[in-house]
Every structure is written in C-alpha cells, then in structure tokens.
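Asker: give me the fold of what follows.
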Amino acid sequence: MIINKNDFIEIEFTGKNTDGEVFDSNTKEGLEKINGANTKDAKPFILSIGHDMFLSGIEEFLIGKEVGKDYEIKLEAKDAFGPRDSKKIQLMPIKVFHAQKVNPVPGSMFDFDGRVAKILSVNGGRVMVDFNNPLAGKDLIYEVRVNKKIEDMNEKAKAFNEFLFRKKMNFEIKDKKIILKVEEMLLKFAPMFKEKYKEVLDLDLEVVKDESLENKGDNTKDNSKSQ
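Answerer: Now for the predicted structure:
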C-alpha cells in the first residue's frame, strides 16, 4: 500500500543527531535513551501527509513509500529545524530574570512566554540569550516505521483535534460536518481553524459549547459543598 499526500498514517519514530544521540522519540526504546523522558509517553503518532503535522522533510520523503516498512531518513539542517539565525541571539538585562525569581546560569534553558531559550553567558547586568531551536543548524537522522494507514474518519478527526489543541476533544461527525464541543474559553479561538479542518479532513467545522464540561464542574462544586 503506497502513501499519498493527504493520507492519514500512524508512525513510530526516533530522532537522532549525527553522533547517534537520541533527542526525540515516541517509542519506549527511544525514550529510554533520553535523559528525563517518561516511557509512559510512548505511543504511535497519527498525522496527515502534506499538512505540516510533522517535519516537512519527513512528510515529503514518505510520499510514494510503502506502509508497513522501516525507513532511515537523513535530513540536512535546512530540511529539519533550519539554519541558526544570529538575530535570535539577544542581550537581555538580568533584572528580567530576577523579576521571575530565576538565576540565569550559562547552559540552562528558560521559557519566555512559550519561547524556549538557552542562556549563553552572564556578564554583570547583562545576559546573552539564544532563542534558536536547540537543533537549528544540525543535520539529523530519523528512524521511522509506518505502521498503517488510518481510514476511519472518527480516528482521523480525533488525531487532528489532539494535534491542534494538544488534548482530547469531544466531537461528533454528521454528514460532511464536524461538531467540535469545547469549553467556553475556546468558543472564539477554535473557529479560527475552520479552513484547516476543510483542507485536512474535508469537513465543515461547527463549534459549540460543551455542556458536559459545565455540568461536570457544577457537580464537583455540589459534591465539595456536601463534603
């Protein structure tokens, strides 16, 4: 069975640098080689080919390949996480870190509102910070096994929901429409993906408030009062 663009496939993968050091994996064996990784996180990943759900270099490689086989994919830096950008290396006042009660130490990582950066040096009241992806500028090797194609629309939608929102979402599919049930805080945000749902799943998107979540919250409050 050949993989085509727009196909949903299930893969297992392990990413290494050219020295053989594992930096990413979704297999138990791969995660065991990453310091601090939890092997409980090991599970296959489902993606739609050609929609940037994984590294584009890997998605492009897999088009035309066969399901059920193992592949070793060598990516040059430009096809992986891109070249290093000197503009992403910045000097910041140390008081920014002290305001967060953080002591900047060279080599440590810090999260600036979702942007992960590495501390390069600390000199007096100034800190040299690198906002480049830690893998930028590096050639990489991915070992990928394509387990199967996904044909069930509910399974495709579940995987795509989790990719977009990083969690399980309640939904139902009727005819050519997916009805996404979300908490109130997502009612204005979720419709922004309307075109993406049409592109990837060929489904129209309707977003509604998930009443089950609200009821669950009310029950929790009632129970806590009775206790």
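Asker: now this structure, which segments are flagged as low pLDDT?
Answerer: 214-227 (pLDDT under 70).
Asker: tell me how it divides into domains.
Answerer: Following automatic domain parsing, one gets these domains for the chain: 1-81+138-150, 86-130, 152-227.
Asker: which of the ones you listed sits most buried?
Answerer: Among the domains of the chain, the stretch with the highest mean neighbour count (mean count of other C-beta atoms under 10 Å) is domain 1-81+138-150, at a mean of 16. Quick note: C-beta positions are derived from backbone N, CA and C, even for glycine.
Asker: any chance you could map the strands in the chain?
Answerer: 8-17, 22-25, 45-48, 70-75, 89-93, 109-112, 115-123, 126-130, 140-150, 170-174, 177-182, 204-209 (DSSP state E).
Asker: paired strands for the longest one, with orientation please.
Answerer: Next to strand 140-150 in the sheet, as set by DSSP bridges, lie strand 8-17 (antiparallel), strand 70-75 (antiparallel).
Asker: out of these, which is closest to E143?
Answerer: Among these, the nearest to E143 by C-beta to C-beta is strand 8-17 (4.8 Å).
Asker: so how far is A157 from the residue sitting nearest the centre point of the chain?
Answerer: The residue lying closest to the centre of the chain (C-alpha atoms, centre = their mean) is F163, at 6.5 Å. Distance check for F163 against A157: by C-beta to C-beta, to the nearest Å, it reads 11 Å.
Asker: try T14
Answerer: Taking C-beta to C-beta, one finds T14 at 27 Å from A157.
Asker: next: G15.
Answerer: G15 is 27 Å from A157, by C-beta to C-beta.
Asker: and if you look at G30?
Answerer: 27 Å.
Asker: same thing with I58?
Answerer: I58 is 23 Å from A157, by C-beta to C-beta.
Asker: next: V102.
Answerer: Relative to A157, and taking C-beta to C-beta, V102 is found at 40 Å.
Asker: now do the contacts for A159.
Answerer: A159 makes contacts with 8, 46-47, 150, as judged by C-beta atoms under 8 Å, 6 or more residues apart in numbering.
Asker: which one of the residues you listed sits closest to K196?
Answerer: Set against K196, the nearest of the contacts of A159 by C-beta to C-beta is L47 (13.6 Å).
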